[in-house]
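Chemist: Sequence and predicted structure are below.
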Amino acid sequence: MDKKHIHSPRLDTIAMVENTIKKSKEKLSKTELWKKLPKQMMYQTFSTAIDYLVELKKIRLTAEGKIELILEEGKAKVWEKETQEGIQEKKSKIEIKKNEIKEGKKEMKINAVGLDDSAKKIVSELSEIERKTLKVLAEEKKELSVQELSEKTRIELDSARRAIQWLNEKELGKARIEKQVFVSLGIEGLKAVKDGLPEKNFLKELNENWKSLSEIKSISKQEINIALGNAKKKDLIELKKEKELTVKITEKGKEFLEKKTEEELILEKIGEKELEEKNLNEKEKQVLKFLGFRKGFLKHKEKGNEFISITEKGFSANESIKETRSSENLLNAKIIRNYNIQDPVEEVYPGKKQPYYKFVDEIKQKLVSLGFKEMENPLIVQEFYNFDVLFQPQNHPARTWTDTYKLKKPTHGKLPEKKIVETIKNAHENGGKAESMGWNYEWSEKIAEQLMPSAHGTAHSARQLVKGIEVPGKYFTLARCFRPDVVDATHLIEFNQMEGFVVGKDFTLRKLLGLLKEFAVEIAGAEKVKFLPDYYPFTEPSVQLNALHPELGWVEFGGAGIFRAEITENLGIKEKCLAWGLGMDRLAMFKLKLNDIRELFSQNLDWLRKGI
């Protein structure tokens, strides 16, 4: 392959491949070498680096398909000399074999003639398309393009490309890629073919008298600006500035209108086709260069055309195949190809769900299968649901900018029916229907209307309690939450919560603790769990769930408790509600065996391919 047509890989990739070859204590095949490189290196990138090193004569591929390092120029020259001598020796052997066949002195086998054992193995494993390609190349004795090869061998174009690549790798053919530049018309170029060049259309509007630009109505202002510059460059018009810019046509301009210009001829020649630039004469190329400066007139496209010629080794291989079939009367028989099933193959990574998304989906399926009903979980909620329904006073520190976000636009939303709003207002001011004194302050409906990104999943439980619930009942949601925080291994400013509650008679804290432990063990795979007493404005009693991480120690999963009477009794619910809000991201950290919560959203291809 011609060096100048190879796309240069990154320098760090080349250095990595070259250093791995140097450190190797034995010669390796391409596949063996690739296996020794970092797993994230794609095989195509690696193969390009190998081709590049071969072209730079830093390495060579042996007849056995092994990679060999060329340490210095002298050794490369000796190797080239030895190769030439080897070819001459092989030619001699082929001639001897031909004579032996004619004289009937020796029986031929399906092995290659005039080739060493490794080369014989390569020939025996050639595919049908490779054999056909070798035969045509040997008959033609010249370089063929992939299109010519496809026609002469009667194989598909893609198959011809594969044959070229395989024969090049086995040194039975020498391949190269030739860049071809094709030109076609852009939008403005096609418009010029149909309606004429802007400068010609402009000149048709002029005469020998001075005319202001505002008087020219038949072409657009944009086209006038384009035409004005081009016409002035070619001395087709004269300009004069009085109150406004005026223009008149020159004698040269009149002549310009009477004949087709070089630009028009080349535009018509291209038309709706693609033309290869090398097929144009020098004058046409100059005109194209000028048109290239005009926006939207031309489009250029580069294509790589593949070519292949047969090598001496390829001639030997073809002679071997031909003579073998002739000697055993197999001219019309189909050769059975040998296959090597021992070499390692490139790993295949089928498409699948991102590991964290898969984990979330599995949790949802489990909860639904256990009879839980899924609640709505809008990203934006009113403070009424995020705080007020949950009996969190309007002067609570958690409602300030340091702990929650506010929506900039719009700032306020609608509250539910008046009866519900009055109920929540009474709960805050005097305890309402519950045996409570409330918070003893004047509750503001305006503050409750303020919009915000939901700060916790419990906002959606509050919404569900207001809408109404079944008793007994089980509810859950997997909610996206937002809070100002310092991002580290266990904290994000945007996170997911598994929020839920169950309601029924005779529910106790003991039942809640059992339920939480089940979640930690079954969903996250935690081995050790502990509970700590905690405080939340909307539950009493309240607990904190923790699990032991092998690297990070005890990690908080979330909080839980029994909804306060000021919430449930004011909304007409007499039974106990056991509620929880667990950090989905932290549960996933345990399950996926990660040490940093940010890795859940990683773009590391190796983890995405091999994660559960």
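Modeler: Arrived safely.
Chemist: Distance check, residue 53 against residue 59.
Modeler: 5 Å (Cβ to Cβ, to the nearest Å). Glycine gets a C-beta too; all of them are placed from N, C-alpha and C.
Chemist: contacting residues for residue 483?
Modeler: Contact analysis of residue 483 by Cβ atoms under 8 Å, 6 or more residues apart in numbering lists 403, 404, 405, 455, 456, 493, 495.
Chemist: Give the phi and psi angles for the fifth one, as a check.
Modeler: By that I understand residue 456. When read as degrees, to the nearest 10, the backbone of residue 456 gives phi -160, psi 160.
Chemist: List the residues that contact it.
Modeler: Residues near residue 456 by Cβ under 8 Å, 6+ apart: 386, 481, 483, 497, 499, 581.
Chemist: what's the distance between it and residue 195?
Modeler: With Cβ to Cβ as the criterion, residue 456 and residue 195 are 64 Å apart.
Chemist: how deep is residue 196 tucked in, by neighbour count?
Modeler: Neighbour count of residue 196, defined by other Cβ atoms under 10 Å: 14.
Chemist: just the strands in the stretch 201-350 of the chain please.
Modeler: Secondary structure of the stretch 201-350 of the chain by DSSP state E, counting those that start in this stretch: the strands cover 211-212, 237-241, 245-249, 275-276, 298-310.
Chemist: Would you tell me which one of the ones you listed is buried the most?
Modeler: Highest mean neighbour count among the strands of the stretch 201-350 of the chain (mean count of other Cβ atoms under 10 Å): strand 245-249, with a mean of 18.
Chemist: what packs against that one?
Modeler: Helices and strands touching strand 245-249, by 3 or more Cβ pairs under 8 Å, 6 or more residues apart in numbering; DSSP states H and E, are strand 211-212, strand 237-241.
Chemist: Any chance of CSV for the ones you listed, columns distance to residue 31 and mean pLDDT?
Modeler: What follows is those, written out as CSV (distance: least, Cβ to Cβ, whole Å; pLDDT from 0 to 100):
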stretch, distance to residue 31, mean pLDDT
strand 211-212, 75, 77
strand 237-241, 69, 81
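Chemist: For residue 506, which of those is the nearest?
Modeler: strand 211-212 (94.5 Å; Cβ to Cβ).
Chemist: what separates that closest one from the chain centre, distance-wise?
Modeler: 56 Å (Cα atoms, centre = their mean, to the nearest Å).
Chemist: Give the partner strands of it in its sheet and their orientations.
Modeler: Paired strands of strand 211-212, with direction, are strand 245-249 (antiparallel) (DSSP bridges).
Chemist: could the helices and strands packed on strand 245-249 go into CSV alongside distance to residue 127?
Modeler: Putting the helices and strands packed on strand 245-249 into CSV (distance: least, Cβ to Cβ, whole Å) gives the following:
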stretch, distance to residue 127
strand 211-212, 73
strand 237-241, 67
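Chemist: so which of those strands gets nearest residue 128?
Modeler: strand 237-241 (68.1 Å).
Chemist: Tell me the confidence at residue 336?
Modeler: Predicted confidence (pLDDT) at residue 336: the value is 58.
Chemist: likewise residue 111?
Modeler: Reported pLDDT for residue 111: 39.
Chemist: what do you get for residue 528?
Modeler: 89.
Chemist: and it, how many neighbours?
Modeler: Residues contacting residue 528 under the criterion other Cβ under 10 Å number 11.
Chemist: isn't it right up against residue 550?
Modeler: No. In this structure, residue 528 is not within contact of residue 550 by Cβ atoms under 8 Å, at 10.3 Å.
Chemist: thinking again about what came up before, out of the contacts of residue 456, which two are the most distant from each other?
Modeler: Those two in those that are separated most widely, counting by Cβ to Cβ, are 483 and 499, at 14.4 Å.
Chemist: picking that back up, how about the strands of the stretch 201-350 of the chain in JSON lines, adding distance to residue 606?
Modeler: Formatted as JSON lines, these follow (distance: least, Cβ to Cβ, whole Å):
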{"stretch": "strand 211-212", "distance to residue 606": "69"}
{"stretch": "strand 237-241", "distance to residue 606": "66"}
{"stretch": "strand 245-249", "distance to residue 606": "65"}
{"stretch": "strand 275-276", "distance to residue 606": "43"}
{"stretch": "strand 298-310", "distance to residue 606": "31"}
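Chemist: For residue 175, which of those strands is the nearest?
Modeler: Taking the strands of the stretch 201-350 of the chain one by one with Cβ to Cβ, strand 298-310 is closest: 4.7 Å.
Chemist: Any chance you could list what contacts that closest one?
Modeler: 5, 133-134, 137-138, 141-147, 149, 161, 164, 167-168, 172-186, 189, 274, 288, 291-292, 318.
Chemist: repeat that with 7 Å
Modeler: Contact partners of strand 298-310, identified using Cβ atoms under 7 Å, 6 or more residues apart in numbering, comprise 134, 137-138, 142-146, 149, 161, 164, 167-168, 173-186, 189, 288, 291-292.
Chemist: Quick one: closest of the helices and strands packed on strand 245-249 to residue 380.
Modeler: That would be strand 211-212 among the helices and strands packed on strand 245-249, by Cβ to Cβ, at 57.5 Å.
Chemist: Which ones among the contacts of strand 298-310 map onto strands?
Modeler: Using DSSP state E, the subset of the contacts of strand 298-310 located in strands is 144-145, 173-185.
Chemist: Could you turn the buried ones of those into a PyMOL selection?
Modeler: One line in PyMOL is enough to select the buried ones among the ones in strands among the contacts of strand 298-310; burial here means 16 or more other Cβ atoms under 10 Å:
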select buried, resi 144+173+174+175+176+177+182+183+184+185
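Chemist: Quick one: closest of the strands of the stretch 201-350 of the chain to residue 357.
Modeler: Taking the strands of the stretch 201-350 of the chain one by one with Cβ to Cβ, strand 298-310 is closest: 38.8 Å.
Chemist: re earlier: give me the buried subset of the contacts of residue 483.
Modeler: Counted by 16+ other Cβ under 10 Å, these give 404, 455, 456, 495 as buried.
Chemist: Mind checking which of these land in strands?
Modeler: Judged by DSSP E, the subset of the buried ones among the contacts of residue 483 located in strands is residue 495.
Chemist: so which of the buried ones among the contacts of residue 483 comes closest to residue 509?
Modeler: Comparing the buried ones among the contacts of residue 483 against residue 509 with Cβ to Cβ picks out residue 456 as the nearest, at 20.5 Å.
Chemist: pLDDT score assigned to that closest one?
Modeler: Residue 456 is given a pLDDT of 93.
Chemist: how close does the nearest residue to residue 522 once chain neighbours are set aside get to residue 479?
Modeler: Nearest non-adjacent residue to residue 522, counting by Cβ to Cβ, 6 or more residues apart in numbering: residue 366, 8.0 Å away. Distance of residue 366 to residue 479, given as Cβ to Cβ: 17 Å.
Chemist: who has more neighbours, these two?
Modeler: Set residue 366 next to residue 479 and count neighbours by other Cβ under 10 Å: residue 479 wins out with 25 against 13.
Chemist: What residues are bridge-paired with the more buried one?
Modeler: In this entry, residue 479 is beta-bridged to residue 497, by DSSP bridges.
Chemist: any idea how far residue 49 is from residue 60?
Modeler: With the distance defined as Cβ to Cβ, residue 60 ends up 15 Å from residue 49.
Chemist: neighbour count winner among the two?
Modeler: A direct count of neighbours by other Cβ under 10 Å for residue 60 and residue 49 places residue 49 higher, at 22 against 18.
Chemist: Just the buried residues of the host helix or strand of that one, please?
Modeler: Assigned by DSSP states H and E, residue 49 belongs to helix 43-55. Within helix 43-55, the residues that count as buried by 16+ other Cβ under 10 Å are 46, 47, 48, 49, 50, 51, 52, 53, 54, 55.
Chemist: Give the next helix or strand downstream of that helix.
Modeler: strand 59-61.
Chemist: Now do the next helix or strand after that following strand: everything it contacts.
Modeler: Sequence-wise, the next helix or strand downstream of strand 59-61 (DSSP H and E) is strand 66-69. For strand 66-69, contacts defined as Cβ under 7 Å, 6+ apart pick out 21, 22, 27, 28, 29, 30, 33, 59, 60, 61, 62.
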